[in-house]
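K.L.:
Pasted the sequence and its predicted model underneath.
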Amino acid sequence: MKTNRTLGLIALGAAGMALATLCGVPAQSQAAASFTDNLDQNVIRSSLTKVHSSVRQAYLFDGNETSASKKELSREYAMQEYVAAAGGGRPTKLLRSYDQIQGTDKLWVTADGDPVEMPAVDGRSRHTFVFNVDPSGNCKLAEEAMQLVEAKDIHAAATDHTPRLAPAGEAQAGATWQVSAADFGFAGVMGVEEKMSETSVSVTFDETRKDDAGRALAWLSYTASIKSGYRTVNEFDGSETANFSVEYEIQGKAAYLVGGHIMALTSTGTCKAKGKAGGMDCTIEVSWTMSRDFAYGALVDASADNGSEGPNEVSDLYTVKTGAVAANEIVIARAGSISRIQSFDPAARKISKTLAALPKGYNFNELALSPDRKRIAFRSNGNSTISIAEANVFVLELESGVVNQITPSWATNEGITKPLDTGKTVTVTGRLVWFDDEKRIDRTDGLYVGWVRVDHTACFSKIDGTTGKFRLENVPANTSIFIHAYASLPNYTNGKSRGYRFLPDGKAMAATVLLTGDSDKDIGDLKISPPAVEHGYGSPSFAKGGDVVCNRYPGSTVAIVGYPKRTWKEQEVDANLGLLTGAMAVSPDARMLSFVTDSSGGKGSLHFYDSRGKEVWGTALAEGVEVSFSSQGAWLADGSGWVCTAGAPGWLGKARFGLPGLLYAAPAQKQVTFARKWPQLGGYTCKSVALNKEGTVAYLVFHFTDEKGVTYGDLWQWDSTTDTLSRLTNLGDVLGVANIGR
């Protein structure tokens, strides 16, 4: 299998070079080749393993078979080894992680019957084991695994390391050497109790060949003969339950990158065991084939001095005239004591400039950088005191330092929008009612945490929890206003209150009210109709022509805002998506729009729409891939592909964690893949993503919540060409990173 390049991003499920690919490549010079088999700290070795085995078990009586059964086992799984600590080029602490192990088990109860087929079950699936490693390479569990992992699976994980076949230093073609049992690392098929007694492993350097990329690969062949024993006893009375002598014969080939690590491995083998099981004489015969492809990367979590820039305190919106963001810099949003938008140099790992800041209590998030790098669109709760939207979208003009508010519909694109002022105010009264399902009547009592406000104004009033009445003062007269009312409702059973519904399911949106004249007005009853929810605007994208496209959440309504010249249009893309949608982003040519649906209620899905709102392609995600309404998407610069923050379920020791990852989709080809996930970062979540122009580097914001409930956020960089993930910041308060266009 060749390295799988997916439009600039590398999917590393199996990025090694399979032997079959290179069999027809002419041999190169037979000069000496250098090898290495060392794994230093922070190295990640990924492998894709495919194995098929056939097992025949027969019971004997006076040397004759009385019954026989047959099994065929097929497995395919991806595995990662992360070197958490090393000494002398060998791991001393290792994290070994398994992806979902797929396959089938076939069992023939009788020789002439049909097989019973069932899915493979393996407790190693989606689990990360932590091992301490001794100088001989033997792994010992450093912390307990989850309770559902059986001893046989822990034993298999401990012995599943890659064979170390390379010689020390250089070797000439034709050279032969011996490998120890520990370095060969063969995992037996019998069980935990199997003990090796004799081992002979011989390796021969056959030749060097070049692959399609021009890399020199050194080809090794190997043979192994192994003798072992297997004995088990009853845990209660100590009586013997099984006792076997076992002999293995194995042969295979391996390819090493000259001067580097193992790249591919294949093997075939047979196993013959003879002994007693349950007091009966028994023979077991096993044959198998196995192939493994390897890829290498690194996870570097070293702290860095990122410097600081800009004011430490602000009392109002702060901006500076900076000009366009430099081509070598990216833009990040931070929280902390004050919220900031800053430019950042990833090569130097330094903050360059503070572009904007807000006082405590307000924030920047969901950033988009315009293609000319002169504007930043962002989501913020700034100016929220005059809006019923919990957040709105703004545009920062970097050359002038001006911030223009562009949502909601009454925004002007000219500075921060002011409250509505008609020159005359009136008082508006009314009453909030709710429907009691049990008594089948409208009620006004029992309302909790109720309030009412007028959009585009600072008019706000609490609702009386007994009468449901409210009073709004200083409401602009002679205009249409939009009133929003909210209350948490009592929870009744048989007419008795069981407390309150603290979830936001008791809300009402009143119709627009036209206030004619200059007199006060009673608008009567507003009826709560749950489950209405808070809404806001976010996920801005710079579309072709300068328009800014935003998501009116929750749901899949988009607001298309003309910018800088003001136009406004709202469009429902797909009402069937429901409320829990995320990752909205517009392609650079403005022809395609993306959404994902949350995985919490089952399988998540991704959807792409054209500019008219017609679905181009949608698909459910594979098991084990998780997205959410807070996922963030970003397009490649040429519009050919799209990435999305994602995750996967997993276990680290006894703790269940989410694993951060990155989803990749090519809508034109209708292909989706889990581009990468990092089991070593169990408990982290991927919150924001941006790509470089070539699509080879992804900038990611990871969040981690410690045992005290404190959340830390930092910027990371994934270089897909080398599969290296590196932490760029040591700030702890990074919220998001801007993608070009978004």
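P.N.:
It's in. Numbering: from 1, shown residues only.

K.L.:
K195 and K227, how far apart?
P.N.:
Note on K195: its distance to K227, by CB to CB, to the nearest Å, is 10 Å. Using the backbone N, CA and C atoms, a C-beta is placed for each residue, glycine as well.

K.L.:
Sorry, slip of the keys, the one I care about is G709.
P.N.:
From G709 across to K227, the span is 55 Å (CB to CB).

K.L.:
what does W568 give?
P.N.:
80 Å.

K.L.:
wait, what's in contact with A356?
P.N.:
Residues counted as contacts of A356 (CB atoms under 8 Å, 6 or more residues apart in numbering) are 317-319, 340-341, 364, 376, 396, 403.

K.L.:
cutoff 10 Å now
P.N.:
Shown in contact with A356 (CB atoms under 10 Å, 6 or more residues apart in numbering): 310, 314, 317-320, 322, 333, 339-342, 364, 376, 378, 380, 382, 394, 396, 398, 401, 403.

K.L.:
Looking at these, which are in strands?
P.N.:
318-319, 333, 339-342, 364, 376, 378, 380, 394, 396, 403 (DSSP state E).

K.L.:
Which element, helix or strand, includes the residue nearest to K521 when sequence neighbours are not counted?
P.N.:
Spatial nearest neighbour of K521, excluding adjacent residues (CB to CB, 6 or more residues apart in numbering): V428 at 5.4 Å. V428 belongs to strand 425-436 when assigned by DSSP states H and E.

K.L.:
Buried ones in that strand, by neighbour count?
P.N.:
Neighbour-count burial for strand 425-436 flags 425-426, 428, 430-434, 436 (criterion: 16 or more other CB atoms under 10 Å).

K.L.:
same thing with stretch 141-158?
P.N.:
In stretch 141-158, counting by 16+ other CB under 10 Å, buried: 145, 149, 153-158.

K.L.:
And for stretch 262-270?
P.N.:
262-267, 269.

K.L.:
Can you give the distance from it to the centre of its chain?
P.N.:
31 Å (CA atoms, centre = their mean, to the nearest Å).

K.L.:
ditto for stretch 71-83
P.N.:
That offset, for stretch 71-83, works out to 21 Å (CA atoms, centre = their mean).

K.L.:
average pLDDT for that stretch?
P.N.:
The average pLDDT within stretch 71-83 is 94.

K.L.:
Would you indicate which residues of it are buried?
P.N.:
Neighbour-count burial for stretch 71-83 flags 71, 73, 75-83 (criterion: 16+ other CB under 10 Å).

K.L.:
Send me it as CSV with only the CA atoms.
P.N.:
Only the C-alpha atoms of stretch 71-83 are listed here, as CSV (Å, rounded to 0.1, in the frame of the first residue of the first chain):
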residue,chain,number,x,y,z
LYS,A,71,-11.7,-22.3,13.5
GLU,A,72,-10.7,-19.5,11.1
LEU,A,73,-9.8,-16.1,12.7
SER,A,74,-9.4,-12.9,10.7
ARG,A,75,-8.2,-9.7,12.3
GLU,A,76,-7.4,-6.2,11.1
TYR,A,77,-6.3,-3.4,13.5
ALA,A,78,-4.3,-0.3,13.8
MET,A,79,-1.9,0.1,16.7
GLN,A,80,0.2,2.9,18.0
GLU,A,81,3.2,2.7,20.2
TYR,A,82,4.1,6.0,21.9
VAL,A,83,7.5,6.2,23.7
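
K.L.:
Use 46 as the first number from now on
P.N.:
Will do, 46 is the new start, and the previous item becomes stretch 116-128.

K.L.:
so how far is S353 from R394?
P.N.:
As judged by CB to CB, R394 and S353 stand 13 Å apart.

K.L.:
higher neighbour count, those two?
P.N.:
Ranked by neighbour count (other CB atoms under 10 Å), R394 and S353 place R394 first, with 20 against 12.

K.L.:
Am I right that the more buried one is in contact with D759?
P.N.:
No. Judged on CB atoms under 10 Å, R394 makes no contact with D759 at a distance of 11.2 Å.

K.L.:
one step back: who has more neighbours out of G754 and K272?
P.N.:
K272 (13 against 6).

K.L.:
so what's that one closest to, chain neighbours aside?
P.N.:
E243 is the one closest to K272 (CB to CB, 6+ apart), at 4.2 Å.

K.L.:
how close does the one you found get to E435?
P.N.:
71 Å.

K.L.:
Please apply the same query to V100.
P.N.:
61 Å.

K.L.:
Pick out whichever of those two has more residues nearby.
P.N.:
V100 (17 against 14).

K.L.:
ok so that one is a strand residue?
P.N.:
Yes. According to DSSP: H, G, I helix; E, B strand; the rest coil, V100 belongs to a strand.

K.L.:
ok, the helix or strand harbouring N288: who's next to it in the sheet?
P.N.:
For N288, the host element (DSSP H and E) is strand 285-302. Strand 285-302 has the following strand partners under DSSP bridges: strand 261-278 (antiparallel), strand 307-322 (antiparallel).

K.L.:
right, and the ones you listed - which one's nearest A220?
P.N.:
strand 261-278 (9.9 Å; CB to CB).

K.L.:
Give the buried residues for the closest one.
P.N.:
261-267, 269, 271, 273-275.

K.L.:
helix, strand or coil for A227?
P.N.:
helix.

K.L.:
actually K197, not the one I typed
P.N.:
Here K197 is recorded as helix under three-state DSSP.

K.L.:
Break this structure down into its structural domains.
P.N.:
According to automatic domain parsing, the chain comprises the domains 50-345, 418-592.

K.L.:
can you put those in JSON lines and add distance to L773?
P.N.:
Shown next, in JSON lines, are the domains of the chain (distance: least, CB to CB, whole Å):
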{"stretch": "domain 50-345", "distance to L773": "10"}
{"stretch": "domain 418-592", "distance to L773": "19"}
